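**Q** Show me the folded form of this:
(2 chains)
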Amino acid sequence: MSGEGPVGNGPILSVDHLTVTAKGKTLLDDISLDFASNSLTAVVGPSGCGKTTLVRSLNRMTELTPGLRVKGAVNYLGQNIYDRSVNPVLVRRRIGMVFQRPTVFPNSIYENAAFGLRLVHEEEGKIDIAVRHALTRAGLWDEVKDDLERPALSLSGGQQQRLCIARALAVRPRVLLLDEPTSALDPGSTQRLEETMEHLKEEMVLVLVTHNVGQAARVSDRVAFLHTGHLVEMGETEEILERPKDPLTQQFITGRFP
Amino acid sequence: MHPVAEVVLDASAPPSEPGGRQPLPSPSSPRNGGSPSAPGSLLAWLRYTALVPALIPAGIIVAIVWTITYASRLTSLPGFFSFNWAPTSSWGIGVFVVGSFMTAVPALFFSMLVGLGLAVASTTYLPRLAASLLDPFVDLLAGIPSVIYGIWGYVVIGPYFGLTLNPWLSAHLQFLPWFHATKAAPINTLGLGLPLAIFVLTLMALPITTLLIRDSLRAVPRELWESGLALGATRWEVLRRVAFPYSRRGIMSAAFLGFGRAFGETVAVAMLIGSTAQIPPSFYGTGYTMAAAMFELIDSAYTSAQWLSVLTEMAIVLLAISLLVNVAGRRLVISLSTTEVAGV
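**A** Predicted coordinates for the structure are as follows:
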């Protein structure tokens, strides 16, 4: 994971014939796709289609679930992150992740945002700057700047989720994976988070898992539609949502899915 | 049951319009409306039975203290709060109090250390199968009667301490004054004394500390673990920076309950401490604890009013210290939780 610049003109992140199985059950079946730079790709599909498994396999979080087996490759800057020589800890520093529910740590707002930087023993002065920058990018700075020492758990759910984004951004990842980040939030907080995503996608690769077609339409540039572990189709958001080629996609986006 | 319930409903609910809809009883109506408007109703009185579970432990404590106080009639004992134990001229219980702390505090320290290790191994590092073999083994330690620990300590561990470990420690810790055995304070070959008592107490407190720490580490949400790892932390870093702070209340509780176990343990300590009314002259010396003293000197209780008093008053002191530590522990745990969530 040494090379930092893009390798040639290849995509920053791509998936190559990825198959994930758990105890004989196939969760993802031979998926291949590229995630375009400086854009947001939405992964949509009905419950159990494998969309969460897909994003979790993009930074080797799949390894935390006993019994999951991954075949194929996930290439980050041209290198397969499942290669034996690759340290998963370093992969996760470059490919950040935000979860369904806010997962702030039981300490202050500042320490939450600084968590990843403390791990690499960054200097205090640099941490200050990085924390401020990350909170600003996550759209939280103005709300918390006067009291960064407050416990993070005293924030509202939406603020906590934006803090989780800031925490992931502080280590300057090239890719941010968002696994249904608004599913536990109220409409106002959801809207703010979507605005944050719009800003972020200009400078990095965003992968958003969502079961909400409306959200995919609002924030994504490209959509990948998954069904029972298969990639049914993928393309420009407009294309997929307005002129889907596959009848399954058609059924899903019109809400006629069980 | 039905007629009684109806009486209360009628008494507490506003009168319903004839022929109109029956108003739904609000959730608070039995609580608020019950007492002034239906004083005689059976259900109103039955409400107070909810207090019984709260009263039971309080009642037990009051009963114990009252009985002990009554039995001792608080005879004034010369030199009770001194270190001079010389019945019947001086009744200082200081050596026993110090002995209790000298055994319980190190035992707690070691059992917390080992307990943390076992709990971390079982929740974080060991594969599931190995953890499922380790956990019941530790839990089983809690089910062994203390007299078994005592016999085992006396027969198996004691000679090893007396002949091998204690001389070795004494030779290697020469630079620490109290940890060096001298002619005046030699090592007894049976191994009886502080180290043996501390060792066995550590084992006896271990299941409590391990179990509580393990449970509080298991209560750390999986999402928090994954968020830490997703930020590029190792398992140890998540443990140290997220899981320990998250579960510190449980870890504190483990310490206080483990202390209670070690401080009050009687039979095993009485068998292993060497039963000498002195502050151990060296780390390898014999001593006494309050619990062990009460247990072994109970034969003398009815020989004189003073003997009866000293044993029962020692019991009050032991109980008071145990309760104080318990209450202090609770307060500390509660204060931790409020600053963590509300934050001042």
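
**Q** contacts and neighbour counts: CA atoms only from here.
**A** Noted.

**Q** Which parts of the stretch 101-250 of chain A are helices?
**A** A:109-119, A:124-137, A:141-144, A:157-169, A:187-200, A:213-219, A:237-242, A:247-253 (DSSP state H, counting those that start in this stretch).

**Q** Pick the most deeply packed of these.
**A** With neighbours defined as mean count of other Cα atoms under 10 Å in any protein chain shown, the helices of the stretch 101-250 of chain A peak in mean count at helix A:157-169, which reaches a mean of 27.

**Q** Run the chain-centre distance for that one.
**A** From the chain centre to the centre of helix A:157-169 is a distance of 13 Å (Cα atoms, centre = their mean, to the nearest Å).

**Q** any idea of the mean pLDDT for that helix?
**A** For helix A:157-169, the mean per-residue pLDDT is 92.

**Q** Can you read off the pLDDT for the residue nearest the centre of chain B?
**A** Central residue of chain B (Cα atoms, centre = their mean): B:Gly260, 2.4 Å from the mean position. If you check B:Gly260, the pLDDT there is 91.

**Q** Buried residues, the helix or strand hosting B:Phe109. List them.
**A** Per DSSP states H and E: B:Phe109 is located in helix B:94-120. Judged by neighbour count using 16 or more other Cα atoms under 10 Å in any protein chain shown, the buried positions of helix B:94-120 are B:94-116, B:118-120.

**Q** Is the helix or strand just after it positioned near chain A?
**A** Using DSSP H and E, the helix or strand that directly follows helix B:94-120 along the chain is helix B:128-141. No: Helix B:128-141 does not reach chain A (Cα under 8 Å from any Cα of the partner chain); its nearest approach is 9.3 Å.

**Q** Which parts of helix B:128-141 count as buried, going by neighbours?
**A** B:131, B:134-135, B:138, B:141.

**Q** now the strands for the chain?
**A** Just going to use chain A. Using DSSP state E, the strands of chain A run over A:13-22, A:25-35, A:39-44, A:68-76, A:79-80, A:95-98, A:175-179, A:205-209, A:222-227, A:230-236.

**Q** You answered for a different chain; I wanted chain B.
**A** Secondary structure of chain B (DSSP E): strands located at B:85-86, B:90-91.

**Q** tell me the contacts of the nearest residue to B:Ser322 once chain neighbours are set aside?
**A** Take B:Ser322 and drop its neighbours on the chain: the residue closest to it by Cα to Cα, 6 or more residues apart in numbering or on different chains is B:Gly260, 6.3 Å away. In this structure, B:Gly260 makes contact with B:322, B:325-326, judged by Cα atoms under 8 Å, 6 or more residues apart in numbering or on different chains.

**Q** So which of these is the closest to B:Pro207?
**A** The shortest gap between B:Pro207 and any of those belongs to B:Asn326, at 18.4 Å (Cα to Cα).

**Q** got a pLDDT number for the closest one?
**A** B:Asn326 is given a pLDDT of 89.

**Q** can you tell me which residues contact it?
**A** With Cα under 8 Å, 6+ apart, B:Asn326 has these contacts: B:256-257, B:260.

**Q** Return the distance of it relative to chain A.
**A** To chain A, B:Asn326 is 25 Å away according to Cα to the nearest Cα, to the nearest Å.

**Q** circling back: export the helices of the stretch 101-250 of chain A as TSV, with columns for distance to chain B.
**A** Shown next, in TSV, are those (distance: least, Cα to the nearest Cα, whole Å):
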stretch	distance to chain B
helix A:109-119	6
helix A:124-137	14
helix A:141-144	15
helix A:157-169	6
helix A:187-200	18
helix A:213-219	24
helix A:237-242	28
helix A:247-253	29
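
**Q** Thank you, goodbye.
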